[in-house]
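Q: here is my input, please return the structure:
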Amino acid sequence: MVVIKEIESRQKDTELEIHELKERIQEFEESIQEKSAENKMRVSFEKLIMDKQLITKSELDRYEERMRTLVQENQVKLLKWIVGTGLSTIAAITGIVGIFYR
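A: Numbers count the residues shown, from 1 in each chain. Here you go, the predicted structure:
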């Protein structure tokens, strides 16, 4: 009788240990799944950005700065063109007027 009680006691202890281990395994699995889900989400966002050709704020700032530089360069070119055209127009008018009044 004593042997059977010892065996039952050991069996209960072993079952409790197994139950605790199963709970810990389940907690580890949930933790791993959460980390895995976060990684999958990060990879999905990066893929979405690449697929949709979306840009980040830093890329947008660089693009905006480049556009400002190009606009300023074009404004200078346009101003030079306007001044050159104005001078050539004045020269042409002066030449025509000079032909008729000589």
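Q: hey, let's count contacts and neighbours off CA atoms from now on
A: Will do.
Q: following the chain onward from the longest helix belonging to the chain, which element is next?
A: If you go by DSSP state H, the chain has its longest helix at helix 2-52. Next along the chain after helix 2-52, taking DSSP states H and E as the criterion, comes helix 57-100.
Q: give me the domain ranges for the chain.
A: Per automatic domain parsing, the domain ranges recorded for the chain read 1-54, 55-102.
Q: can you flag the weakest of those domains by average pLDDT?
A: Of all the domains of the chain, the minimum mean pLDDT falls on domain 1-54 (a mean of 81).
Q: what's the offset of that domain from the middle of its chain?
A: 33 Å (C-alpha atoms, centre = their mean, to the nearest Å).
Q: just stretch 67-84 next, same as before
A: 33 Å.
Q: buried sites along it?
A: Residues of stretch 67-84 classed as buried by neighbour count (16 or more other C-alpha atoms under 10 Å): none.
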